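Participant: 3D model of this:
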Amino acid sequence: MDGNSPRRTHLGRMSVALPISAVLILAGACSPAPSTPTPPLQVGTIAVSTTEPSTQATSPSMGGDGGECSHDYFPSELGTTWEIAGTNRMFGAYQQSSTITVSSDDGFVVTSDFVDGSGTFSLAYSCSEEGLTLLDPLGQSSSAVATGPSGTATVTTLAQSGITLPADLEGANTWQQYVKWEVQGDGTVLHGDTTFNYVSRGVEVVTVPFGTFEAIRVDTEILGTLEGEDIVACQNTTWVAKDIGAIKGETSCSGADDLIELVSFDSP
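Facilitator: Numbering: from 1, shown residues only. Below is the predicted model of the structure:
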């Protein structure tokens, strides 16, 4: 693969770096409900391809004194690394390494690589008194590219609001994040939106390859529309442990079921 070629990864593998599986908007967007007319652009079962992440486009501003934002359930210290093992019903087993590559008072960037060399992507988070917000829930950089039977489509975040992970996760009950997006490709432009409805279920004891933890369970219902028509909802459950982050995640989305578990963790 040359330096100008897009890096490829599979749908369903993208969420493992997140405390909440936000990027599964793509899974919902590409599978309309049975009653929804088939859109002009047939995305179908897709792979996701992105160019090299642009830190200018995705990184939080590097203001402040160079320190780090802080969250009890999502470490942001530079060099923090998670090793993840996952299984996807569509694509089989995979391994992923995710590392904090940029960290400041007001945000950080998680860069993830698949061990088999199939792809690299970066996810940027902003920090505020309300909590952490994934700046582009659609995926990597400022856009993602959906490749399917009818060609290639660029999926871009147009606007968003809400938070991804509340600052006081232990005291939170429900919260929400909303994303407005656009798909362009094959001479077609489609518009849609996605709402992530988060519910905290409290503390559960969870065992993963890295160990056994008391972790907060967060269930997420992912709802959306495509050209005003409802699309199939996705369901995600993520368990997050204090001082570590996501240790396990389960996702069900139009057949692209995914299970991830934490294999190792290191924080400098």
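Participant: can you list the low-confidence ranges for the stretch 51-200 of the chain?
Facilitator: Within the stretch 51-200 of the chain, the segments meeting pLDDT under 70 span 51-68, 138-153.
Participant: one more time with 50, if that's ok
Facilitator: 51-67, 140-147 (pLDDT under 50).
Participant: now the strands for the stretch 51-200 of the chain?
Facilitator: Assigned by DSSP state E, counting those that start in this stretch, the strands in the stretch 51-200 of the chain fall at 81-88, 92-104, 107-114, 120-127, 131-134, 143-148, 151-162, 165-166, 174-185, 188-208.
Participant: same list (the ones you listed) but as a markdown table, adding distance to Cys234 and mean neighbour count.
Facilitator: Placement of C-beta: from N, CA and C, glycine included. Output for the strands of the stretch 51-200 of the chain, formatted as a markdown table (distance: least, C-beta to C-beta, whole Å; neighbours: other C-beta atoms under 10 Å):
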| stretch | distance to Cys234 | mean neighbour count |
| --- | --- | --- |
| strand 81-88 | 14 | 20 |
| strand 92-104 | 19 | 18 |
| strand 107-114 | 20 | 22 |
| strand 120-127 | 18 | 23 |
| strand 131-134 | 16 | 23 |
| strand 143-148 | 16 | 21 |
| strand 151-162 | 15 | 16 |
| strand 165-166 | 18 | 24 |
| strand 174-185 | 13 | 18 |
| strand 188-208 | 9 | 16 |
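Participant: make JSON lines from those and add distance to Ser70 to it.
Facilitator: Shown next, in JSON lines, are the strands of the stretch 51-200 of the chain (distance: least, C-beta to C-beta, whole Å):
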{"stretch": "strand 81-88", "distance to Ser70": "17"}
{"stretch": "strand 92-104", "distance to Ser70": "10"}
{"stretch": "strand 107-114", "distance to Ser70": "10"}
{"stretch": "strand 120-127", "distance to Ser70": "8"}
{"stretch": "strand 131-134", "distance to Ser70": "10"}
{"stretch": "strand 143-148", "distance to Ser70": "29"}
{"stretch": "strand 151-162", "distance to Ser70": "20"}
{"stretch": "strand 165-166", "distance to Ser70": "12"}
{"stretch": "strand 174-185", "distance to Ser70": "19"}
{"stretch": "strand 188-208", "distance to Ser70": "20"}
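Participant: which one, of these, ends up nearest to Asp266?
Facilitator: Among the strands of the stretch 51-200 of the chain, the nearest to Asp266 by C-beta to C-beta is strand 81-88 (4.9 Å).
Participant: for the closest one, packing partners?
Facilitator: strand 92-104, strand 258-266 (3 or more C-beta pairs under 8 Å, 6 or more residues apart in numbering; DSSP states H and E).
Participant: next, format the ones you listed as a markdown table and append distance to Ile222.
Facilitator: Converted to a markdown table, the helices and strands packed on strand 81-88 look like this (distance: least, C-beta to C-beta, whole Å):
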| stretch | distance to Ile222 |
| --- | --- |
| strand 92-104 | 21 |
| strand 258-266 | 13 |
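Participant: those strands: which one's closest to Arg201?
Facilitator: Using C-beta to C-beta, the nearest of these to Arg201 is strand 258-266, at 17.8 Å.
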